[in-house]
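1. Quick check, what structure comes out for this input:
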Amino acid sequence: MSFSDLYDSGFRTRNQDHFASIVRVAMDDGVISDAEKSFLDRLARNLSISMEEYDVILEDYMSHPINPPTTYDRRLERLYDLTRMVHIDHKFDEEEPLLKRLAIGLGFSISNVKYVVDKALNLVREGVDIDTFQEEIKSMHK
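-> Numbers count the residues shown, from 1 in each chain. Here you go, the predicted model:
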């Protein structure tokens, strides 16, 4: 096995675990709504999750470890990516509640998640890059 095979395997596993964590949030109420299903479908494509892997994860999402980002910057990177996905499809109203739940799952506090998600959506609408996004979100806490 080559080094690149190990990297690809680890990358795939992290993507699968990340996807399973989001499925877990979506399944929190026991049902995946049409909006959540649509979001999961797009996320799976973006994370290079095959249809077979997708089906297996949906069937057994609890068997995947939760790997929340360990640093604030990594949480912001994931929030940025998820917010951009919502923005690409212009489904703010439908997916804002899911985005709030995902932000809580990423480790943002319940008390300020509304402000963080609103700010994230506004920044992504403005077309900011990841560095500006991180600086702006961080400045909310100063």
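
2. which ones are touching the residue nearest the centre of the chain?
-> With distances taken as C-alpha atoms, centre = their mean, the residue of the chain nearest its centroid is residue 82 (4.6 Å). By C-beta atoms under 8 Å, 6 or more residues apart in numbering, the residues touching residue 82 are 43, 99, 102. In this view, the C-beta of every residue, glycine as well, is placed from N, C-alpha and C.

3. element containing residue 80?
-> helix 72-89 (DSSP states H and E).

4. Could you pull out the buried residues of that helix?
-> Residues of helix 72-89 classed as buried by neighbour count (16 or more other C-beta atoms under 10 Å): 75-80, 82-87.

5. and the contacts of residue 82, which of them are in helices?
-> Secondary structure defined by DSSP state H assigns 43, 99, 102 of the contacts of residue 82 to helices.

6. quick one: the residue nearest to the centre of the chain and residue 131, what's the gap?
-> 17 Å (C-beta to C-beta, to the nearest Å).

7. and if you look at residue 70?
-> Residue 70 is 20 Å from residue 131, by C-beta to C-beta.

8. So which bits of stretch 23-38 are buried?
-> 23, 25-26, 36.

9. Of those, which is the nearest to residue 106?
-> Comparing these against residue 106 with C-beta to C-beta places residue 25 closest, at 9.4 Å.

10. For residue 124, the count of nearby residues, please.
-> Neighbours of residue 124 under the rule other C-beta atoms under 10 Å: 21.

11. just to confirm, which helix or strand has it in it?
-> helix 113-125.

12. And residue 118, what's its pLDDT?
-> Residue 118 is assigned 91 on the pLDDT scale.

13. right, I mislabeled it, should have said residue 114
-> So, for residue 114, pLDDT stands at 92.

14. For the residue nearest to it when sequence neighbours are not counted, which residues are in contact?
-> Spatial nearest neighbour of residue 114, excluding adjacent residues (C-beta to C-beta, 6 or more residues apart in numbering): residue 100 at 6.7 Å. Neighbouring residues of residue 100 by C-beta under 8 Å, 6+ apart: 113-114, 117.
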